[in-house]
Structure formats: structure tokens, C-alpha cells
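Student: sequence unknown, structure follows:
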């Protein structure tokens, strides 16, 4: 009986894969690195060195709903998020950045990284519009792919983290538009 | 040349507009598909629309379908500019009537290359 | 973590000597980021130790790795598209008319970089000829071993496929593989990649019907340009076609070629009896 139970449990785990079986930190690093070089600046490299985040952080994220369900979260210091916004906007940056400028720019970077993480997974998934604020909690420590980098010497974390329990699939991929307007 | 830049991110609208202006385009912006349709209905007819996929109110694919269903807008060139990059999605967007597809992240050079393919690069720009 | 001034200067001088590319002061972080993977692959903890190691035990292999890591750039598909338009509009019909129905067409992409040029040619021919897979062979060569290996793998990053590759061709000829895109197995079978130094005697290859030798001659002095053109000519069919870069010409370099204008580009054909 015990053997049978283990088998059942393993099969149900197989049905919903953990992120570690779908993507590795090197792939996330390549995706984030390309986003920085293309959008932030061609010399704006991410150096894969772990460092502690400051106390005052800001996160931006997008949800991925498909065969794997979870969230792609970027977290960095609030000041670094503002620097990132200036770098992204370049000459178009306003003299004084307000919160909305930073939320918009950081959210767009999360969208770009998240969209590419999603496409690197197998199968079709839906992507949400970006959220910005305090990072969503890690629900299952086994279902996380975490990348720690330095940008201009400041720490930044990309966390691809599963939802537990899994987020409900709002609609079958590639049929209906997302309730809030995002589609697949 | 005139372009309508459609993206829900203000930062991305600025980035795309700045690149296009660098190639000699005059640009207008819209934050989602419905706002872009309103601009077209106003009578502003650009040569090019750059279109994000995921946007509130009306997404990019719905916008492409709406433009394609109106014969008055047949001359518009539709270029998706989006982080949606699954192969099946690119196929879907092309089938819906998009002419080109630029995957975010992109560089200004990538936009220029695609415009050259579409014959939408003003002649004086040096490749 | 921080690169010493001495180490940075050594890397700057190396890159300038080998590639004529100038690394401005303040680009220490760029050197760190690009060279860290090489250091790690050699089991070294940081870039400073990589530099120390290569300085104390010079090796062409490691020197080349460092230079390539700092100088590699993305190239465009259909880069300067006219020579590709000429291939399908003029060159291919002419060759098909002159050859028997099963004769193989041999094409040489002589500085293939990471593979954009040979695969652009392969895609165009596959779309233009139903039997391209059995009739066409494309030889892709480059000086750099890394570039040859990349060409062989046929894998391209998101940023690379964004550069001038028409979206319909992307979805028809490529498959997404993780965060990269890989050329279809059929196209990869058409392309054979190998290392080749154009400035040295060439291996036995060809004879080629078409040669793409673009943006290579500009890097050499006149005697070397002449020697390269002479050697390339011996590997070409008498009625073959040579494409050079937009800023390059045989005129005033080697008078054994005839210039033919095709649309907005030029091709060069071996002069008979020259």
C-alpha cells in the first residue's frame, strides 16, 4: 500500500512540473542579460554575483498561466529601480521621476523578461499585465528558479516562482482574451 | 513617414517613438488598441503601426483584426512589437494580418532592419 | 571582484592589437562580465586570475577566446539585402539554365560569422527550388573556431533573430529552443562549416558556383587582397559569381574580374583568359 501511495504522489507531481525542470538560472540570466543590453544600453551588463538586497526594495512582476503556473518577479533597491528607469528612458527621462514613471518602466522590464521566460517554457501560456509593488511571497521553495545579479554594482534578483496552489487557468490558451484585456 | 505607436507602457512608447523619429518618422501614440482605433477614426492615417500584444481594454491582436476588417485601412503596415514570443503566437499574429513581428527586447537597429525589409525606411537613412 | 588597472590595461592592449577595437577607460565592468564565463570555464574564480594566468602562460587559444568575447557583435540577416535579391533574381536562374537538372550547386560563404549569411542563402534557395536539399551545398567558413561552432549549431539568440530576419521566415525555418531559435535540420544539412584563414593557402574546396566574400577584404592590405582574390578565383567555376561587400571592389585590386551590375548591387565574374 505504501509503495502505491508514493507512486500516486509522484504521478500527480509529474502532472504539474516544477520550474526547475523547465528552465535553469543560466537561461534566465541570458534572457535578462539580453533585455538589459537591448533596452537599458549596450554596455549595461548584468554580472552574476550574489549580493544582499537593501532594506527598501521595489518589485515588478508578471504572472504566467499555463502548463506551469507562477510569477516572474524582478526585485531591486528602490533607488536602483529609479536609476533603471532613467537608463531605460535615456534622453526622454523627465527631470523629476514620479512613482508612476518608475512603476511603468520597471513593470515593462518585468513584462519583457517574463514574456521571454514564458516562451522558453514548453507549451502555450498566458501572460498577465505587469504588477509593481511588494514582491509576491514564495509559496513553494522547491518551485523557484532564482537569479542574483549586479547591475552597475547594485543587487537585483529575478525569481521565477510557482504559485501554490496553482493559479486557476482563466481560459484555455489561445482562445479567449484575458479578463483584464491581456491575451495569450 | 508617419507612425502610430501603440503600447500600454509609457516608457516603451517613448523608446519606440524616439527610434522611429531618429529614422525620420513623425509619430503619435496610443495606450491600447481602442485608443489607437479612435486615432484612426479621427482620420489620422499613418504608414506604420507598431503594436504591443498585451494591453488593457483592447489587445494588439484584436486591434490587428479590427484594422484588417476595414478596407479603408488596407495601406497600413502593421508591425507587432511585443515580449510575446512563442512560435505559435507569431504565426497567429501573421495569420491575423500583421506584416512583421519584432520581439522585445529589441534595439533601434532591429527596428531599422525590419523597416528596411518592409520598404518603410526613408531613403536618406544610411544603413 | 574589481579588476586592477594593470589587468584592464593588458586586456585593452590585447584587444586593440588583435581587433583594432578600442575599449574606453571605465569599461572594466564590461570586461568583467564578458570574461567571467571564460574564467569559470577554466576553473578560475575571477577575471583578475584569468588575466594573470594567460599573461604568465600565453596561449593562442585563450587569447583568441578573450578577444572574441569582447568583440563579437550581432550581424543582420539579409545584411545589405541586395546581394541576396541578386541571388534569386539573376544568379540562380542563370545557373539553373547553364547546369544539368541534377548538377549540384556549390556556394561558399567565406566569412560566415555566426551563420546568418549561409542560412540566409539556404532559406532563399529552399524557398526558390523544390529540390534545394539535394542539389545545393553551402560551405561556410570563418577564421574563428567559435563562429564555426555557432554556425554548425544553427542557434540564434532573440536579439539575433530580431535583426532583419523576416517574421514569416523565422516561423517557417526555425524552432524555438529555450531562449534561442534553432535553424531547421534540413537547412543545417545544406550547410557545412569549417575553419579557414583566407590570408593563408586555402584548403581544397569547390569548385564554387557562387562565392560570398563580404566585408573581409577591407581588413587587409593591397598585396593580401590580391592574393585572396587570386586564391578564391582558383576555387570558382569559370562562369561563377562573386559577391563582395558594398564598400569593396576588385577594381584597382585584381583586373581578372568582370563587374556585372545586378539591380542595386554588383557581382564579379572571372574574366575569360585572364
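Tutor: Perfect, thanks for sending it. The shown structure was predicted, so the numbers you read here are calculated from the model rather than taken from an experiment.
Student: who's in contact with the longest helix seen in chain B?
Tutor: In chain B, assigned by DSSP state H, the helix with the most residues is helix B:10-22. For helix B:10-22, the surrounding residues in contact (CB atoms under 8 Å, 6 or more residues apart in numbering or on different chains) are A:39, A:85, A:88-92, A:101, A:104-105, A:108, B:3, B:5, B:7, B:27, B:29, B:31, B:48, B:50, B:52, B:81, B:104, B:108, B:111-112. From N, CA and C alone the C-beta is placed, and that goes for glycine too.
Student: Give me the buried entries from those.
Tutor: A:39, A:85, A:88-89, A:101, A:104-105, A:108, B:3, B:5, B:7, B:27, B:29, B:31, B:48, B:50, B:52, B:81, B:104, B:111-112 (16 or more other CB atoms under 10 Å in any protein chain shown).
Student: Contacts for the helix or strand of chain C with the lowest mean pLDDT next, please.
Tutor: In chain C, the helix or strand scored least confidently by mean pLDDT, DSSP states H and E is helix C:60-71, which has a mean of 77. Residues outside helix C:60-71 that contact it (CB under 8 Å, 6+ apart): C:11, C:14-15, C:18-19, C:21, C:23, C:30-31, C:34-35, C:37-38, C:42, C:50, C:53-54, C:144-146.
Student: could you pick out which of those are near chain B?
Tutor: Checking those against chain B by CB under 8 Å from any CB of the partner chain, not one of them is in range.
Student: Only whichever of those residues are buried, select them in ChimeraX.
Tutor: Buried subset of these, written as a ChimeraX selection, criterion 16+ other CB under 10 Å:
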select /C:11,14,15,23,30,31,34,35,38,50,53,54,144
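Student: In helices, which of the contacts of helix C:60-71 fall?
Tutor: C:11, C:14-15, C:18-19, C:30-31, C:34-35, C:37-38, C:50, C:53-54, C:145-146.
Student: Just name the lowest-scoring one in those, pLDDT-wise.
Tutor: Among the ones in helices among the contacts of helix C:60-71, residue C:19 carries the lowest pLDDT, at 61.
Student: Could you confirm whether the helix ranked longest in chain A reaches chain C?
Tutor: Scanning chain A for the helix with the most residues, using DSSP H, yields helix A:99-120. Yes - using CB under 8 Å from any CB, helix A:99-120 reaches chain C at A:116, A:119-120.
Student: Would you map the helices across chain B?
Tutor: B:10-22, B:33-41, B:60-68, B:87-96, B:108-117.
Student: JSON lines please, covering the ones you listed and showing distance to residue C:227 and mean pLDDT.
Tutor: What follows is the helices of chain B, written out as JSON lines (distance: least, CB to CB, whole Å; pLDDT from 0 to 100):
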{"stretch": "helix B:10-22", "distance to residue C:227": "41", "mean pLDDT": "94"}
{"stretch": "helix B:33-41", "distance to residue C:227": "58", "mean pLDDT": "98"}
{"stretch": "helix B:60-68", "distance to residue C:227": "54", "mean pLDDT": "98"}
{"stretch": "helix B:87-96", "distance to residue C:227": "45", "mean pLDDT": "97"}
{"stretch": "helix B:108-117", "distance to residue C:227": "34", "mean pLDDT": "90"}
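Student: Need the per-residue pLDDT for residue C:198.
Tutor: 86.
Student: do you know how far the closest residue to it other than its chain neighbours is from chain A?
Tutor: Distances taken as CB to CB, 6 or more residues apart in numbering or on different chains place residue C:228 nearest to residue C:198, at 5.2 Å, with adjacent residues excluded. Here the criterion is CB to the nearest CB, to the nearest Å. By it, residue C:228 lies 32 Å from chain A.
Student: element containing residue C:228?
Tutor: Taking DSSP states H and E as the criterion, residue C:228 maps to helix C:222-234.
Student: Residue A:74 too?
Tutor: strand A:70-77.
Student: orientation of that strand relative to helix A:99-120 in degrees?
Tutor: Strand A:70-77 and helix A:99-120 meet at an angle of 140 degrees, taking axes from the mean of the first three to the mean of the last three CA atoms, to 10 degrees as the criterion.
Student: Show me which residues of strand A:70-77 are buried.
Tutor: A:70-77.
Student: Same question for stretch A:32-50.
Tutor: Neighbour-count burial for stretch A:32-50 [16+ other CB under 10 Å]: A:32-40, A:44-48.
Student: nearest to residue C:177, of these?
Tutor: residue A:34 (15.0 Å; CB to CB).
Student: which ones are touching the closest one?
Tutor: Residue A:34 neighbours (CB under 8 Å, 6+ apart): A:116, B:105, C:157-159, C:179.
Student: Could you dump these into a markdown table and include neighbour count, distance to residue C:172 and pLDDT?
Tutor: As requested, the contacts of residue A:34 are exported to a markdown table (neighbours: other CB atoms under 10 Å in any protein chain shown; distance: CB to CB, whole Å; pLDDT from 0 to 100):
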| residue | neighbour count | distance to residue C:172 | pLDDT |
| --- | --- | --- | --- |
| A:116 | 25 | 21 | 96 |
| B:105 | 25 | 23 | 95 |
| C:157 | 17 | 19 | 92 |
| C:158 | 26 | 18 | 90 |
| C:159 | 19 | 20 | 89 |
| C:179 | 21 | 20 | 91 |
